[in-house]
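Undergrad: heads up, no residue letters with this:
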């Protein structure tokens, strides 16, 4: 079964590890085989991986698009996950679900769950009240 993708002008997409940028007009692509594909809205750049959950998303993204280096990315993932669960045990259930998908080499569904993990992390950050206290040096 083929997949039809419509790209907006200037939109980027990763197809089997290749970064493709559309020209200045709308384009339609038909992907006729099963390859890793990430649309621009799902692509995270290295500088955007600026929190524990975002780093986990980023390394899963690398697993998905760069199969040649899976062992390296798996090692990074397990270290990141261990550190996150130690710091925030409340994420364990979510991490277990993502990890099961990774062990089954289902990287795209793992990315979708990792996106929810980022949302959870952001909600936690947003729920912390701002401190108006002053600390004086002394």
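TA: Good, I have the coordinates. Remember, it's a predicted structure, so these values are computed and weren't measured experimentally. Numbering: from 1, shown residues only.
Undergrad: now the host helix or strand of residue 94: mean pLDDT?
TA: With the criterion set as DSSP states H and E, the secondary-structure element containing residue 94 is helix 92-103. Confidence over helix 92-103 (mean pLDDT, whole number) is 97.
Undergrad: Report the distance from it to the chain centre.
TA: Distance of helix 92-103 from the chain centroid (Cα atoms, centre = their mean, to the nearest Å) equals 14 Å.
Undergrad: The helix or strand just after it: which residues count as buried?
TA: As assigned by DSSP H and E, the chain's next helix or strand after helix 92-103 is helix 107-126. By neighbour count with 16 or more other Cβ atoms under 10 Å, helix 107-126 contains the buried residues 107, 110-111, 113-115, 117-118, 121. Every residue, glycine included, has its C-beta placed from N, CA and C.
Undergrad: again, but for stretch 19-29
TA: Counting neighbours by 16+ other Cβ under 10 Å, stretch 19-29 gives 22, 29 as buried.
Undergrad: contacts for that stretch?
TA: The set of residues that contact stretch 19-29 without belonging to it, under Cβ atoms under 8 Å, 6 or more residues apart in numbering, is 4-14.
Undergrad: Okay, helices next: where are they in this protein?
TA: When assigned using DSSP state H, the helices of the chain occupy the ranges 52-65, 70-87, 92-103, 107-126.
Undergrad: Pop the domain breakdown of the protein in here.
TA: Split into domains by automatic domain parsing, the chain comes to 3-40, 46-126.
Undergrad: how far is the last one from where the chain is centred?
TA: The offset between the C-alpha centroid of domain 46-126 and the centroid of the whole chain comes to 7 Å, using Cα atoms, centre = their mean.
Undergrad: Could you work out the end-to-end span of it for me?
TA: Between the opening and closing residues of domain 46-126 we find a distance of 23 Å, counting by Cα to Cα, to the nearest Å.
Undergrad: Ok, the shortest one next?
TA: Taking Cα to Cα, the first and last residues of domain 3-40 lie 16 Å apart.
Undergrad: Low-confidence ranges, the chain, go.
TA: Regions of the chain meeting the criterion pLDDT under 70 cover residues 131-138.
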